[in-house]
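A.B. asks: A structural model of the following input is requested.
(one chain, ligands or ions: 1)
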Amino acid sequence: MTYPTVRMRRLRRTPALRAMLQRVNLRPSDLICPIFVDENLNKPKPIESMPGISRFPVSGVVEEARAIVKQGVKSVILFGLPKTKDEEGSGAYAASGGVQKAIASLKKELGDDLVVITDVCLCEYTSAGHCGVIKSSEIQNDSTLKILQKVVVSHAEAGVDMVAPSGMMDGQVRAIRTALDDAGFTHTAVMAYSAKYSSSFYGPFRDAAECAPQFGDRKSYQMGFGNVGEAMREIALDIKEGADIVMVKPALAYLDIIRAARRRFNVPIAAYNVSGEYSMVKAAAANGWIDEKNATLEILTAIKRAGADLILTYFARKVAEWLKTT
Ligand code: PBG
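C.D. replies: You can find the predicted model right below:
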């Protein structure tokens, strides 16, 4: 029984042999590239805590997406930064909002070459910076659902292919599915941020999207990092509510959750290689402590090996470029 192992040990692992025996390979089409659309800009603005990543004005989104598609990536996920914030995050469903405009121009210019996904959450749009409406310092789950319904319909009217609710409100997938269907958008898909942990690794994103909570934290609606079973329940519920794709987030410290989900569920699984995971690699590489390319390919391959079909990553464009030459 030990024979094959012994045999493998005697092999010379030449590059050709390694390539031949590698079971998990990244493809550019596995990757989903986040784009920040900022209504307040007229030229791209680098994000300090995420070297290499910028926010884009609405007018710059198509050019950026074109460059991404050229590398073989098939999908982008849009995050919006509005001009003004208010209590109910009404900027999130404005027909003339930055995200809505960006969707329309992406679909017009790139059509079916690109799958346009939108992050659906209120945290960038509410004055309190929470993912839902707040009353007496408490998240109002059900009134938030009504707003999320307006948001997805506004995205669908602009032509979005898929919406991705990330606010961890209870019942959000069903509410969104129902609103889309009732408005005639039965073909618009839902990728649910199902197993979203309350994580330190979102730090740089909150800077990028200016959505840090103004008080408290997100622990009342995001999951605690000590639990596996809860993630499985959240995923099962979202599938039942109509999610087409489910997500585990963050990715790197949660490979076991991805693996458990893979074993249990027969739907496409996405994993979010979040901002903190990105910035840690960038910072260490900038110091010459690790090799950016090799570390990134190793991390993303590990995420896929754990069981993710799709990976949301700020490295998407770079990785697609690297994959052409490796
Ligand atoms: C907003 C949202 C967050 C991220 C994606 N959507 C922030 C949060 O939940 O606090 C994090 C992404 C990242 O860190 O890259 N709901």
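A.B. asks: where's residue 116, which helix or strand?
C.D. replies: Assignment of secondary structure by DSSP states H and E places residue 116 within strand 115-120.
A.B. asks: and that strand, what other elements does it pack with?
C.D. replies: Strand 115-120 sits against strand 75-81, helix 98-110, helix 141-158, strand 162-165, with contacts defined as 3 or more Cβ pairs under 8 Å, 6 or more residues apart in numbering; DSSP states H and E. Yep, even glycine has a C-beta here, placed from its N, CA and C like the rest.
A.B. asks: Nearest to the ligand, out of the ones you listed?
C.D. replies: When these are compared by Cβ to the nearest ligand atom, strand 75-81 sits nearest the ligand, at 6.8 Å.
A.B. asks: list the helices and strands that closest one packs on?
C.D. replies: Where contact means 3+ Cβ pairs under 8 Å, 6+ apart, strand 75-81 is packed against strand 31-38, helix 61-70, helix 98-110, strand 115-120.
A.B. asks: So which bits of the stretch 201-326 of the chain are right by the ligand?
C.D. replies: Contacts of the stretch 201-326 of the chain with the ligand, taken as Cβ under 6 Å from any ligand atom, map to 202, 205-206, 218, 274-275.
A.B. asks: right, so the helices and strands packed on strand 115-120: which one is the most enclosed?
C.D. replies: Stretch with highest mean neighbour count among the helices and strands packed on strand 115-120: strand 162-165 (a mean of 26; mean count of other Cβ atoms under 10 Å).
A.B. asks: which residues sit against the very next helix or strand once past it?
C.D. replies: Next along the chain after strand 162-165, taking DSSP H and E as the criterion, comes helix 172-182. Under the contact criterion Cβ atoms under 8 Å, 6 or more residues apart in numbering, helix 172-182 has outside partners 120, 145-146, 148-150, 152-153, 156, 163, 165, 186, 188, 190, 192, 237-238, 241-243.
A.B. asks: in helix 172-182, what counts as buried?
C.D. replies: By neighbour count, with 16 or more other Cβ atoms under 10 Å as the criterion, the buried positions of helix 172-182 are 172-177, 179-180.
A.B. asks: how about TSV for those residues, with pLDDT and distance to residue 312 added?
C.D. replies: Shown next, in TSV, are the buried residues of helix 172-182 (pLDDT from 0 to 100; distance: Cβ to Cβ, whole Å):
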residue	pLDDT	distance to residue 312
172	96	18
173	97	18
174	98	23
175	98	23
176	98	18
177	98	21
179	98	24
180	98	21
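A.B. asks: From those residues, pick the one nearest the ligand.
C.D. replies: Of the buried residues of helix 172-182, the one sitting nearest to the ligand (Cβ to the nearest ligand atom) turns out to be residue 172, at 11.3 Å.
A.B. asks: Briefly note if the strand holding residue 116 comes near the ligand.
C.D. replies: Yes. Against the ligand, strand 115-120 shows contacts by Cβ under 6 Å from any ligand atom at residue 119.
A.B. asks: try stretch 47-55
C.D. replies: No. Stretch 47-55 is not in contact with the ligand by Cβ under 6 Å from any ligand atom; minimum separation 8.5 Å.
A.B. asks: just how off-centre is that stretch within its chain?
C.D. replies: Centroid separation for stretch 47-55 versus its chain: 16 Å, with Cα atoms, centre = their mean, to the nearest Å.
A.B. asks: which residues sit against it?
C.D. replies: Under Cβ under 8 Å, 6+ apart, the answer for stretch 47-55 is 36-38, 41, 44-46, 81, 203-205, 207-208, 275, 278-279, 282-283, 286, 314, 318.
A.B. asks: Among the residues you listed, which are located in helices?
C.D. replies: 203-205, 207-208, 275, 278-279, 282-283, 286, 318 (DSSP state H).
A.B. asks: Produce a ChimeraX select command limited to the buried residues of those.
C.D. replies: Buried residues among those (16+ other Cβ under 10 Å), as a ChimeraX selection:
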select :204,205,207,208,275,278,279,282,318
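A.B. asks: could you point out which element follows the helix or strand of the chain with the lowest mean pLDDT?
C.D. replies: Within the chain, no helix or strand scores below helix 3-9, which has a mean of 58 by mean pLDDT, DSSP states H and E. Toward the C-terminal end, the helix or strand that comes next after helix 3-9 (DSSP H and E) is helix 15-21.
A.B. asks: per-residue confidence averaged over that following helix?
C.D. replies: Mean pLDDT, helix 15-21: 90.
A.B. asks: Tell me the helices and strands packed up against it.
C.D. replies: Secondary elements touching helix 15-21 (3+ Cβ pairs under 8 Å, 6+ apart): none.
A.B. asks: buried residues in that helix?
C.D. replies: Under the neighbour-count rule, helix 15-21 has none buried (16+ other Cβ under 10 Å).
A.B. asks: Also stretch 34-46?
C.D. replies: 34-39, 41, 44.
A.B. asks: Residue 264: which of the residues you listed is nearest?
C.D. replies: residue 34 (27.0 Å; Cβ to Cβ).
A.B. asks: Give me the nearest residue to that closest one, chain neighbours excluded.
C.D. replies: Residue nearest to residue 34 in three dimensions, not counting chain neighbours: residue 77, with 5.2 Å by Cβ to Cβ, 6 or more residues apart in numbering.
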